[in-house]
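S.K.: I would like to see how this sequence folds:
(3 chains)
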Amino acid sequence: AQQIEEPFPATQQVVLLNDQLVATQHQVQALQEQYYELAGTNKVLVSEVLGLTRMVKAQHQIANELINH
Amino acid sequence: AQQIEEPFPATQQVVLLNDQLVATQHQVQALQEQYYELAGTNKVLVSEVLGLTRMVKAQHQIANELINH
Amino acid sequence: AQQIEEPFPATQQVVLLNDQLVATQHQVQALQEQYYELAGTNKVLVSEVLGLTRMVKAQHQIANELINH
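M.R.: A predicted model of the protein is given here:
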């Protein structure tokens, strides 16, 4: 009976492990949110760079026409 | 003898902890893969932006020459 | 008394779980550092793209003036 009443060492380690796991899960969750934010910025950047590429190519054509005429 | 046959409370908690840890590891693995994908997009963006910078600087020089001549 | 001296199966599982949790924490830590690196590259890219956008718009204006005059 005493063995059940007194906390088994494993129980304390399990409590500690659980705390550490919860902390790790919070860290993973925070990292997931940071990832989504970065993925959003990246998406905007891809769109901006595509727009710039179009503009620069159009200007390249205009410059060529100005040089040739 | 009963104490060995009957599951010790810690054992059930360990099974639960193990399940949660496996779930956390899957989440970390998924995040790792998302990271690699984003790092790949980022690498392409760096290359695109470098190419654009070269083109824009070349056009700047052409524009200057057109203005000065 | 034997039950205390002999390792309880849960104890071994707790040791295993602890090892796996430590490994998972290291993976999360590495991912966090990779994230920070990628966020840094992203910040530089945002700045570069903003600079390019300004240059391209200025050149667009110059090209327009060259065409109209």
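S.K.: ok, which residues in chain A are in contact with chain C?
M.R.: Within chain A, the positions lying close to chain C (CB under 8 Å from any CB of the partner chain) are A:3, A:8-10, A:13-14, A:17, A:20-21, A:24, A:27-28, A:31, A:34-35, A:38, A:41-42, A:45, A:48-49, A:52, A:55-56, A:59, A:62-63, A:66. The C-beta positions use only the backbone N, C-alpha and C, and glycine is treated the same way.
S.K.: show me the contacts for the residue at minimal distance from the centre of chain A.
M.R.: In chain A, the centroid-proximal residue (CA atoms, centre = their mean) is residue A:35; its distance is 1.0 Å. Listed by CB atoms under 8 Å, 6 or more residues apart in numbering or on different chains, the contact set of residue A:35 reads B:31, B:34, B:35, B:38, C:35.
S.K.: Checking it next. Helix, strand or coil?
M.R.: helix (DSSP: H, G, I helix; E, B strand; the rest coil).
S.K.: Could you tell me the model confidence score at it?
M.R.: In this model, residue A:35 is scored at 96, pLDDT.
S.K.: And the one 10 residues further on, by the same measure?
M.R.: Reported pLDDT at residue A:45 in the predicted model: 95.
S.K.: Please look at it and residue C:47 and confirm they touch.
M.R.: No. The pair residue A:45 / residue C:47 is not scored as a contact, 10.8 Å apart, by CB atoms under 8 Å.
S.K.: Cool, thanks, signing off.
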